[in-house]
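S.K.: Fold the stuff below for me.
(one chain, ligands or ions: 4)
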Amino acid sequence: MQVPISEIFCSVQGEGPHVGVRQAFVRFVGCNLNCSYCDTNVERPAFCNFEKVPGTNEFQELPNPLDVETVSELLNSYENVHSISLTGGEPLLEADFIAEMDVSRPLYLESNMTLPDMAKKISDKVSYVSGDVKLIDEFEGEDFESHLERTFECFRTLRNTKDRECFCKLVITKNTAVDDILNIVDSISGYVSCVVLQPVTQKHFAPEINFMLKLQNDLLDSIDTLIIPQTHKMWGCL
Ligand SMILES: C[S@@+](CC[C@H](N)C(=O)[O-])C[C@H]1O[C@@H](n2cnc3c(N)ncnc32)[C@H](O)[C@@H]1O
Ligand SMILES: Nc1nc2[nH]cc(C(=O)O)c2c(=O)[nH]1
Ligand code: SF4
Ligand SMILES: [Mg+2]
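M.R.: Ligands and ions are numbered 1, 2, ... in the order given. Below is the predicted model:
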């Protein structure tokens with residue numbers, strides 16, 4: 001099976017409760033959403049950029065699409081990795097490909113959690129789920145209620161168990177409404193190990209510090225809640 005990939009590199013996880021662990025990253029292309037703050041190009045490129053030696057910023061250009069055996073081998077070539085981050089774009093769009101991957105380290109999924117039928121295809125294959133809930137101010141589609149239903153179904157499918165860690169991230173902007181967060185967390189708190197509030201990285205769009213601390217305090221009444229910004233952006237790694 002073959003799919004286009006935009007990049008394969010080795011770095012450290014820059015977001016969420018596992019920040020700092022060394023990971024191999026595979027970035028799939030294409031997304032079913034269009035978040036206003038998105039920091040990633042989701043277009044399909046002619047080549048996949050493969051960073052052979054971690055930290056060098058030197059990339060080998062591999063013609064797209066790539067087959068699943070090649071991608072698995074490239075990911076397995078990195079040393080000492082804790083896990084393999086499946087990101088994008090939206091990796092669940094390529095659930096059939098992910099189901100066929102043969103890699104030596106646990107899979108860590110970064111997802112917008114809106115494609116429950118695809119989630120079912122890989123529920124036994126992923127060990128970590130970083131589920132990023134998209135709020136109404138990010139949602140441009142027709143029907144926000146069914147977006148939320150699909151999100152909750154994804155969390156049910158990929159929920160936290162003894163074999164799979166699932167946590168929730170919420171990107172907070174200056175437009176975020178407290179009630180939206182409280183309602184969403186109420187609906188998914190039974191499926192996740194913790195909630196991470198991730199302030200949007202663009203300064204002009206970022207929430208007030210007081211707002212973040214008050215929101216954390218409100219959520220702590222019902223669930224473990226962390227505030228963790230994107231750390232890889234601070235020191236400029238991939
Ligand atoms: C580019 S997305 C790809 C995976 C998946 N589509 C998703 O949204 O989770 C990876 C992560 O980057 C986060 N992200 C993207 N742009 C951001 C920004 N400007 N500030 C903070 N986090 C951002 C997303 O919210 C998500 O957690
Ligand atoms: N270092 C690093 N950590 C990350 N965590 C989530 C990322 C993503 O784009 O999904 C990401 C990324 O692009 N780089
Ligand atoms: S879902 Fe993820 S990749 Fe897609 S637009 Fe939003 S942040 Fe970007
Ligand atoms: Mg990123």
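
S.K.: can you pull the contacts of Asp224?
M.R.: Neighbouring residues of Asp224 by Cβ atoms under 8 Å, 6 or more residues apart in numbering: 193-195. Heads up, the C-betas are built off the backbone N, CA and C, glycines and all.

S.K.: cool, and Phe144?
M.R.: Applying Cβ under 8 Å, 6+ apart, the residues near Phe144 are Ile136.

S.K.: Now do the same for it: its pLDDT.
M.R.: We have a pLDDT of 90 for Phe144.

S.K.: what's across from the residue most central in space within the chain in the sheet?
M.R.: Central residue of the chain (Cα atoms, centre = their mean): Glu110, 2.2 Å from the mean position. Taking DSSP bridges as the rule, Glu110 bridges to Ser130.

S.K.: my guess is it meets Gly89, correct?
M.R.: No: Glu110 is beyond contact range of Gly89, at 9.7 Å (criterion: Cβ atoms under 8 Å).

S.K.: ok so, going back, please report how far the residue nearest to the centre of the chain lies from Leu66.
M.R.: 19 Å (Cβ to Cβ, to the nearest Å).

S.K.: tell me which residues in the helix ranked longest in the chain are buried?
M.R.: Identified as the longest helix of the chain according to DSSP state H is helix 144-157. Neighbour counts over helix 144-157 (16 or more other Cβ atoms under 10 Å) mark 147-148, 150-155, 157 as buried.

S.K.: average pLDDT for the very next helix or strand once past it?
M.R.: Later in the chain than helix 144-157, the nearest helix or strand by DSSP states H and E is strand 165-172. Averaging pLDDT along strand 165-172 yields 98.

S.K.: Enumerate residues external to the very next helix or strand once past strand 165-172 that contact any of its residues.
M.R.: Where DSSP H and E defines the elements, the next helix or strand beyond strand 165-172 is helix 178-188. By Cβ under 8 Å, 6+ apart, the surrounding residues in contact with helix 178-188 are 133, 135-136, 148, 151-152, 155, 168, 170, 172, 195, 214-215, 218-219, 222-223.

S.K.: Show me which residues of helix 178-188 are buried.
M.R.: Applying 16+ other Cβ under 10 Å to helix 178-188 flags 180-181, 184-185, 188 as buried.

S.K.: of those residues, closest to ligand 3?
M.R.: Ile184 (15.5 Å; Cβ to the nearest ligand atom).

S.K.: any idea how far ligand 1 is from the closest one?
M.R.: Noted for Ile184: a distance of 14 Å to ligand 1, by Cβ to the nearest ligand atom, to the nearest Å.

S.K.: With His82 instead?
M.R.: Relative to ligand 1, and taking Cβ to the nearest ligand atom, His82 is found at 18 Å.

S.K.: OK, contacts around the nearest residue to that residue once chain neighbours are set aside?
M.R.: Nearest residue to His82 in three dimensions, chain neighbours excluded: Val21, at 4.0 Å (Cβ to Cβ, 6 or more residues apart in numbering). Applying Cβ under 8 Å, 6+ apart to Val21 gives the contacts 12-13, 82-83.

S.K.: Strands - which of those residues land there?
M.R.: 12, 83 (DSSP state E).

S.K.: hang on, the earlier thing: name the nearest of the buried residues of helix 144-157 relative to Ser123.
M.R.: Thr157 (5.4 Å; Cβ to Cβ).

S.K.: In this structure that closest one contacts Thr114, no?
M.R.: No: using Cβ under 8 Å, Thr157 is not in contact with Thr114, being 11.9 Å away.

S.K.: got the residues of this protein near ligand 2?
M.R.: Within the chain, the residues that sit near ligand 2 (Cβ under 6 Å from any ligand atom) are 11-15, 40, 87, 110, 232, 237-238.
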